[in-house]
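Asker: Using only what follows, build the 3D model:
(chains A and B)
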There are 2 protein chains.
Amino acid sequence: MKIAIVGGVAGGASAAARARRLSEAAEIIVFERGHDPSFANCGLPYYIGGEIADRQKLLVAPIQMLIDRHRLDVRTRQSVEAIDRQRKRLTIKNLVDGTTYEESYDKLILSPGASPLRPPIPGIDLPGIYTLRDMRDADRLHEVALKAAQVVVVGGGFIGLEMAENLVRRGLRTAVVELNDQVLPPWDREMTTPIAEHLRSQGVELLLGDSAAEFVKRGAGLTVKLKGGRELPADFVVLSVGVRPENALAVTAGLEIGPRGGIRVNEHMQTSDPDIYAVGDAVEVRDFITGDAIQIPLAGPANRQGRIAADHLFGRPSSFRGIQGTAVVGVFGMTAAMTGMSEKALQRTARNYQKVYLHPTHHAGYYPGAERMSLKLLFDPENGKLLGAQAVGVSGVDKRIDVLAIAIQAGMTVFDLEEAELAYAPQFGSAKDPINMAGFIAAAVVRGDGKVAHLADLAGASVLDVRTRTEFEGGHIPGAVNLPLDELRERLGEVNRGQRTIAYCQSGQRGYLATRILAQASYDVANLSGGYLTYCQSMRSAGGTAESMQRTTFPNLEAAIH
Amino acid sequence: MKIAIVGGVAGGASAAARARRLSEAAEIIVFERGHDPSFANCGLPYYIGGEIADRQKLLVAPIQMLIDRHRLDVRTRQSVEAIDRQRKRLTIKNLVDGTTYEESYDKLILSPGASPLRPPIPGIDLPGIYTLRDMRDADRLHEVALKAAQVVVVGGGFIGLEMAENLVRRGLRTAVVELNDQVLPPWDREMTTPIAEHLRSQGVELLLGDSAAEFVKRGAGLTVKLKGGRELPADFVVLSVGVRPENALAVTAGLEIGPRGGIRVNEHMQTSDPDIYAVGDAVEVRDFITGDAIQIPLAGPANRQGRIAADHLFGRPSSFRGIQGTAVVGVFGMTAAMTGMSEKALQRTARNYQKVYLHPTHHAGYYPGAERMSLKLLFDPENGKLLGAQAVGVSGVDKRIDVLAIAIQAGMTVFDLEEAELAYAPQFGSAKDPINMAGFIAAAVVRGDGKVAHLADLAGASVLDVRTRTEFEGGHIPGAVNLPLDELRERLGEVNRGQRTIAYCQSGQRGYLATRILAQASYDVANLSGGYLTYCQSMRSAGGTAESMQRTTFPNLEAAIH
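Answerer: Below is the predicted model:
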């Protein structure tokens, strides 16, 4: 068996190593256009920022190890230019000397990855506008960052924010421009508010809902002219506005391609040609929840796809279950993580969903260092099936999203979360863990015990603030009437029966208790999910003027969130 | 509906609050023998040690809140002495004035908890021998610890180790005596080695496989005479050798009791009298995996049982799914956690099981601060169903055990772990997370790709060390032959075909690759699971002389584990 693999990083390297474990006899050739067959691309921003000081550490599988240990024929600086599917032969260009040669294959695995987008903005080809994909890009940015004073990052997704953090760490004045009205576009907007505010508190200038209209040379550097009119000086620019599958080879070979450019594969990672597999960021995969074809560049799935392709070409029935979009990003010590579907993704489908918000501490509140997180859970209101989750906070965020990722993988419901038996000691969690709390709250909704309301429901309702007077005076929802929970039973008569009542407290718990009291007294009542904290996160996520207005009205909220 | 609840902490308080949420009309009386109806008992050691400086923080639900918010009739210092099940009346003794009175009930919930064991050791009633159960105990220990210089903790379970850490924090010379030949008896012995060694490195004198034979007065303090002959001076003693269900009230009321003293309940937490429920540490519950009746005192399940009892007495079908024994303990910055069945528990059943060990880093190895953890996975070798997991390390241990706890709850297999899509960024995990790695290794065993061997299999086998020469020279398994992995293919002839070969490396990965190479060349070969690290943890877990011997032979292991 002669196996050719195009592209070494993540999926390609995994496929090669797996193929060798399955067959000592196979001939395995890895063609890599770049200099390094396998490097830690998720670590590149941290190398640029200096957090990873030793460049060598990024070379997770040095060539010599691939040769000595896995007996791979690794050919760097070799670009596969064409596939002759009839003759099962590849045309390869040696990028060092420019020569071209052919190589046959029995099975071919494409792992070409995705390349950073360079949108056709005037001035895009000026020097000093960088993207980040490989070690050479990282080396270049590492070098320019050391000499620069100010930088503009275009794009506020994962890479954009990681770059911003690392450039600030290098001492650069950093601005981030993001087309969307939020950072981290895969998350729902209100869940990104704490991250956006934290970025600003760390000195990052964040320009949301704006984009680069033109790049202009300015001395040794550039000016970034934004659509909104601002002109940002920059010694250099980092472009991180997304990636595009590297499908050129697959297209010219006549393989099926999806509408967004991803190479089409079946569950065994086979392309439309059964002797050709494709894995990683270049392929279109199935959304685990909706079944839709999607493209999400993630390192974990790329690695697993590589294994699956190698398994299958040796006759094993391995198959890929799809991607559920689990992701995490750290920004200046805060963490945002998600799994499954976002609310905005659900809104694009016909699926019925409900959501709850909560703001639990990451471990027992009585143990020092407890940090509040915000958690959003999306589920099917009919049967409680979990659809998605997002969390943002300082500690324990990745843990809860990993737990929920497994729960979604298992097809669990909100009722299962109620019953989850998680590891508890006061440093690690709570006897009622945030996962259990999310389950309790969502299960109450599904059972009909605890109706929830959201921001959009406030209009036309009678809004009841059940917090203490002091909390109410510190800031409240406009039009709300204050009636502290502990006095509610005695003052029930003051609650307007003629109208739907929406009760709220700081984070949702007292609001729920108020809802129970009122519902038992036959009031039409719902609890504002996530309480005042979620309300403020939602209002402030609008950005710009609205945000600064809200900030002055609710001065102590920052402390409450962090 | 008149509901009486006996005992306030955890289960009782949860039941009371839940009952109120379900019914504004119910009369709910909570009888609590102690002074505080609801306090954070898991936090007591940290209050004694000073980590929790503010005593008030431990009072999670102050009486006034239970009254104002939940309208509970909370009666502290009231001891329920008898239940007249015919007349549905309780006899209560007021511990303040010694008077006795009766109270009727429609439904009764028993949440009496468990009391610390005081074994009949000579001298056990001397002053200065303390147990830890409630706030008063904690106050007393807090006070004596401030004046003492040396202490003996009898019992090396959760509470014993948490107390040891906190007493060292107070500056006390601390010895821990444990009857078993390991700390943390619920864990398998080899998984506790890093914790035991870490305790010793922090100055704790650890006496395993020994026990207190007699306590003798010595000046203002005590001498603890051990069975093994040692005499330990102590200003005071902390007894933490387990708990016993507080079943006296249930026994005299004629309720069914299990063989180990736990009050017998059905899945709705009903005792043999359907109008009486019991929850928390006093009840016997079902092991989620084996279905056996067990008693495990855990705060999380106690809370959930309280909810379930309250639900059910209002006619809701809530039921308790059983306990799977998820637990975590922090000791001087290290963490040990487990879920599901241990190997020793499996050995007591007829169930077929297999195990694998691994030593992954808690996040990407190339990102600074990566810490190695040891992980043990137990599963069914026929179908791959997960049976249990244990982990020990510095960071990320609780996260992996929580993920595995959910996977066990969902009935998942090792194949599901291979496919788990967890949140990855280099600060949080790896593209191949420890969970995925555990799945890969265990799935290879179930599929027959990667036979594993364990310590007991070494006798009679030809042992092959596939690490580098330098690693081999730093310490190896007696009798092992060194043949570095990268040279194995050329030197296959040197491997003895006449005997079964067990290959090993440092943590198991190279050993697996060697096994694949040899198996494909038709050798009878298995990989020593967990490699040299697990071997050393197993050997050193024997304690005493054997341990010190192993320690001198393997001087650099400590660094490798931590």
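Asker: Chain B contacts on the stretch 451-562 of chain A?
Answerer: Within the stretch 451-562 of chain A, the positions lying close to chain B (Cβ under 8 Å from any Cβ of the partner chain) are A:485, A:486, A:489, A:510, A:512, A:513, A:516, A:517, A:520, A:521. Just so you know, the C-beta spots here come from the backbone N, C-alpha and C atoms, and that holds for glycine as well.
Asker: Just the buried ones from those?
Answerer: Using 16 or more other Cβ atoms under 10 Å in any protein chain shown as the burial test, these include A:485, A:486, A:510, A:512, A:513, A:516, A:517 as buried.
Asker: In three-state terms, label the second one for me.
Answerer: At residue A:486 the chain is in helix, as set by DSSP: H, G, I helix; E, B strand; the rest coil.
Asker: Identify the residue spatially nearest to it, adjacent ones excluded.
Answerer: Spatial nearest neighbour of residue A:486, excluding adjacent residues (Cβ to Cβ, 6 or more residues apart in numbering or on different chains): residue B:68 at 4.1 Å.
Asker: so can I have CSV of the buried ones among the residues of the stretch 451-562 of chain A next to chain B showing distance to residue B:357?
Answerer: Formatted as CSV, those follow (distance: Cβ to Cβ, whole Å):
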residue, distance to residue B:357
A:485, 51
A:486, 53
A:510, 47
A:512, 45
A:513, 47
A:516, 49
A:517, 53
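Asker: So which of the residues you listed is the closest to residue B:268?
Answerer: The nearest member of these to residue B:268, counting by Cβ to Cβ, is residue A:516 at 21.7 Å.
Asker: Correct me if wrong: the closest one contacts residue B:21.
Answerer: Yes - A contact is recorded between residue A:516 and residue B:21 when judged using Cβ atoms under 8 Å, the distance being 4.7 Å.
Asker: Overlap of the contact sets of the two?
Answerer: Common neighbours of residue A:516 and residue B:21, using Cβ atoms under 8 Å, 6 or more residues apart in numbering or on different chains, are residue A:449.
Asker: Can you check the pLDDT for residue A:550?
Answerer: Looking at residue A:550, its pLDDT stands at 37.
Asker: ugh, wrong one, I meant residue A:547
Answerer: With respect to pLDDT, residue A:547 has a value of 38.
Asker: Tell me which residues touch residue A:511, please.
Answerer: The contact partners of residue A:511, taken as Cβ under 8 Å, 6+ apart, are A:466, A:503, A:504, A:505, A:527, A:528, A:531.
Asker: and the residues you listed, which of them are in strands?
Answerer: Secondary-structure check on those using DSSP state E: residues within strands are A:503, A:504, A:527, A:528.
Asker: for chain A, which spans come out with low pLDDT?
Answerer: When the per-residue scores of chain A are filtered using pLDDT under 70, the ranges that remain are A:542-562.
Asker: Residue of the stretch 151-300 of chain A closest to chain B, please.
Answerer: Using Cβ to the nearest Cβ, residue A:299 is the residue of the stretch 151-300 of chain A that sits closest to chain B, at 3.9 Å.
Asker: I'd like the distance from stretch A:144-154 to the chain centre, please.
Answerer: The gap between where stretch A:144-154 is centred and where its chain is centred comes out at 25 Å by Cα atoms, centre = their mean, to the nearest Å.
Asker: Would you map the strands across the stretch 301-450 of chain A?
Answerer: For the stretch 301-450 of chain A, the strands defined by DSSP state E, counting those that start in this stretch occupy A:327-331, A:334-340, A:354-358, A:374-379, A:386-393.
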